[in-house]
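Student: Output the structure for:
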Amino acid sequence: MRQTFKNYLNTLMDKKVAVIGLGISNAPLVDALLEAGIYTIVRDKRTAGELGGEAENLSNRGAILKLGEHYLDELSEDVIFRTPGLMPSNPAILEAVKNGAELTSEMETFFKVCPCKKIGITGSDGKTTTTSIIAELLKNQAENVYVGGNIGTPLLTAADDMKDDDIAVLELSSFQLISMKESPDIAVITNISPNHLNIHGDLDEYIDAKRNIYMHQKPCDRVVLNKDREITRDFAKTAPADEILFFSHRSRLINGVFLEDGVIYEAREGKITEITRAEDILLPGAHNLENYMAAFAAVRDLVSIDVMRETGKTFKGVEHRIELVRERGGVLYYNDSIASSPTRTIAGLRSFDKKVILIAGGKDKGITFDELAAEINMRVKKLVLTGMAANQIYGAVINAPGFSEKLEIVMRDDFTEAVLEASKSAVAGDIVLLSPACTSFDRFRNFEERGNLFKDIVNGVQH
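Tutor: A predicted model of the protein is given here:
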């Protein structure tokens, strides 16, 4: 019988517990530890002033705070919950583990105490949309669904409320997966391309982290892989699950989901069943057809074909993912703030059948902008750059194939000014697209904050 979260907390009663990073996923965990009376040390690189009243609140409730530049000094607690962005290879972490500390995380612990079926989704691009589609499909099939992981609400403290026949749908980042010792019952990998190389040691480490989503599966489990990408296709060679389903927009499959002549089909041992016509999928872009194919394969035998078809017609997508904000004066404004990599912005640009006014920039991930630059030269009529990576993107664009001085490029340090610059040059029939190709961390807490500010500016909300 799987351990409950309450029982897990009881095993920590005589231990010192460190929680590193007081972010969205760890905050409920800290609350649970303190409520249970467990000796809790909160370590965060932010200062007490930056945390505001939260620092005083935690201290008053009994937490020991280690804050600021030296937050990892003397890391020697018995159990350490790391924040996803702190790699297990961090020297302080390695030393603590060497001295006997148990290293874990909110998501690793959730896997230990979750009583229900788990569907995990990862990939360089498309994992948020695919996660949301899978959850929507299951909800429309009248399943009770919890959505979490890298999106949604932290699920660890809700685990004891879950029933055996519920389903947890989890977006899993490479940062979460790198130290996982359990895998979901159904594992989905949308695609793999260079990403987060500013944090991962190299591409191999990043690929191995993604691979970890299926490496601990059992033979009775399922893995869903992109047949059209060499890396994900080759994952099938090391997958322990007996059921390996591919999805593809290039080739007909024996088992899986594929696109052919504008129709998405399911294949079972060569028997072909139509799911839906591609033109009936509400979400724009070829990349969303891939996301749907991955989702359809994941929920096979859990969701009917009729529900799949109807969901494709009605699901409006994920906030901040090519989200139509408004139409004003004949100009359409789209929020694609979740596009924090060049490949994701390329997918966004390819969603439209005309050149757009693009707002891009932020903090780069150590990934080349060369491929994006060539795409910009084909698909952008005006480029507004902002943030730390603005000069890098500019240099890539002017040196990329197809560059013409007819492409107007404007640099704006202030994000609001960048949005207003894009808006003032737009005329009826234009599309203004925020698709940054970079993370938001040069000036925002996350992509949601960036996207929400964009929407406020477009909707005329004053700040």
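Student: for the stretch 51-200 of the chain, what spans make up the helices?
Tutor: 53-60, 91-98, 106-113, 127-140, 174-177 (DSSP state H, counting those that start in this stretch).
Student: In TSV: these, plus distance to N226, mean pLDDT and mean neighbour count.
Tutor: Placement of C-beta: from N, CA and C, glycine included. Compiled in TSV, those are given as follows (distance: least, Cβ to Cβ, whole Å; pLDDT from 0 to 100; neighbours: other Cβ atoms under 10 Å):
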stretch	distance to N226	mean pLDDT	mean neighbour count
helix 53-60	41	93	14
helix 91-98	32	96	14
helix 106-113	23	96	21
helix 127-140	11	95	25
helix 174-177	16	90	24
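Student: closest to A158 out of those helices?
Tutor: Shortest distance between A158 and the helices of the stretch 51-200 of the chain, using Cβ to Cβ, is found for helix 106-113: 9.1 Å.
Student: What is that closest one packed up against?
Tutor: Contacting helix 106-113 under the criterion 3 or more Cβ pairs under 8 Å, 6 or more residues apart in numbering; DSSP states H and E are the following elements: helix 5-10.
Student: I would like the residues contacting the helix it packs on, please.
Tutor: 32-33, 36, 38, 109, 112-113, 156-157, 159-160 (Cβ atoms under 8 Å, 6 or more residues apart in numbering).
Student: same check, this time on stretch 319-327
Tutor: With Cβ under 8 Å, 6+ apart, stretch 319-327 has contacts from 128-129, 283-285, 317, 332-339, 348, 351, 447-448, 451, 454-455, 458-459.
Student: if we can go back for a sec, now for the contacts of helix 5-10, which sits with the most neighbours around it?
Tutor: Within the contacts of helix 5-10, most neighbours by other Cβ atoms under 10 Å means L156, with 25 neighbours.
Student: Double-check that R43 belongs to a strand.
Tutor: Yes - looking at R43 with DSSP: H, G, I helix; E, B strand; the rest coil, it is inside a strand.
Student: For it, list the residues it contacts.
Tutor: Going by Cβ under 8 Å, 6+ apart, the list of residues near R43 reads 18-21, 66-67, 71-72, 75.
Student: run the last query once more with 7 Å
Tutor: 18, 20, 66, 71-72 (Cβ atoms under 7 Å, 6 or more residues apart in numbering).
Student: what does K127 give?
Tutor: K127 neighbours (Cβ under 7 Å, 6+ apart): 121, 171, 190.
Student: same thing with A101?
Tutor: Neighbours of A101 in contact, by Cβ under 7 Å, 6+ apart: 76-78, 80.
Student: Now intersect the contacts of K127 with the strands, please.
Tutor: 121, 171 (DSSP state E).
Student: In JSON lines: the contacts of K127, plus neighbour count, pLDDT and distance to R277.
Tutor: Formatted as JSON lines, those follow (neighbours: other Cβ atoms under 10 Å; pLDDT from 0 to 100; distance: Cβ to Cβ, whole Å):
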{"residue": "I121", "neighbour count": "33", "pLDDT": "98", "distance to R277": "24"}
{"residue": "E171", "neighbour count": "24", "pLDDT": "95", "distance to R277": "28"}
{"residue": "T190", "neighbour count": "28", "pLDDT": "95", "distance to R277": "22"}
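Student: Output the below-cut-off pLDDT ranges for the stretch 101-250 of the chain.
Tutor: Within the stretch 101-250 of the chain, the ranges that satisfy pLDDT under 70 run 194-202.
Student: For the spatially closest residue to L22 that is not a sequence neighbour, give me the pLDDT.
Tutor: Nearest residue to L22 in three dimensions, chain neighbours excluded: D44, at 4.7 Å (Cβ to Cβ, 6 or more residues apart in numbering). Turning to D44, the model gives it a pLDDT of 95.
Student: Kindly report the same for Q392.
Tutor: The per-residue pLDDT reported for Q392 equals 97.
Student: And it, how close does it get to G451?
Tutor: Q392 sits 22 Å away from G451, taking Cβ to Cβ, to the nearest Å as the criterion.
Student: who has more neighbours, these two?
Tutor: Each of Q392 and G451 has its neighbours counted (other Cβ under 10 Å); G451 has more, 24 against 17.
Student: I'd guess that one is in a helix, am I close?
Tutor: Yes - counting by three-state DSSP, G451 is found in a helix.
Student: got the contact list for A209?
Tutor: With contact set as Cβ under 7 Å, 6+ apart, A209 has these partners: 174, 177-178.
Student: from those residues, which is closest to L203?
Tutor: S174 (11.1 Å).
Student: in the chain, which residue is closest to the centre?
Tutor: T128 (4.8 Å; Cα atoms, centre = their mean).
Student: Now do the helix or strand containing D31 and helix 53-60, the angle between them.
Tutor: Secondary structure assignment for D31, by DSSP states H and E: helix 27-35. Using axes from the mean of the first three to the mean of the last three Cα atoms, to 10 degrees, the direction of helix 27-35 lies 20 degrees away from that of helix 53-60.
Student: Could you pull out the buried residues of helix 27-35?
Tutor: Buried residues in helix 27-35, counted by 16 or more other Cβ atoms under 10 Å: 27-30, 32-34.
Student: contacts for it?
Tutor: 9, 17, 19, 22, 40, 42, 58, 61-63, 81, 106, 154, 156-157.
Student: between those residues, which is closest to S440?
Tutor: Nearest member of these to S440, counting by Cβ to Cβ, is L22, at 18.8 Å.
Student: thinking again about what came up before, minimum distance to I264: which of the helices of the stretch 51-200 of the chain has it?
Tutor: Smallest distance to I264 across those (Cβ to Cβ): 12.5 Å, for helix 127-140.
Student: and the closest one, how far out from the chain's middle?
Tutor: 13 Å (Cα atoms, centre = their mean, to the nearest Å).
Student: Stretch 233-245 now?
Tutor: For stretch 233-245, the distance to the chain centre is 22 Å (Cα atoms, centre = their mean).
Student: how long is it from one end to the other?
Tutor: 10 Å (Cα to Cα, to the nearest Å).
Student: Nearest residue to T109 in space, please, no chain neighbours.
Tutor: Counting by Cβ to Cβ, 6+ apart, the residue nearest T109 is L156, at 5.8 Å.
Student: What separation is there between that neighbour and K455?
Tutor: Using Cβ to Cβ, one gets 30 Å for the distance from L156 to K455.
Student: same thing with A390?
Tutor: In terms of Cβ to Cβ, A390 sits 22 Å off from K455.
Student: higher neighbour count, those two?
Tutor: Just comparing A390 and K455: by other Cβ under 10 Å the higher neighbour count belongs to A390, 24 against 20.
Student: Is it correct that that one is in contact with M411?
Tutor: Yes - contact status for A390 versus M411: in contact at 5.6 Å, counting by Cβ atoms under 7 Å.
Student: so what's the spatially closest residue to F175 that is not a sequence neighbour up against?
Tutor: Using Cβ to Cβ, 6+ apart and skipping residues adjacent in sequence, the residue nearest F175 is P84, 3.8 Å away. For P84, the contacting residues are 105, 173, 175-176, by Cβ under 7 Å, 6+ apart.
Student: Done for today, thanks.
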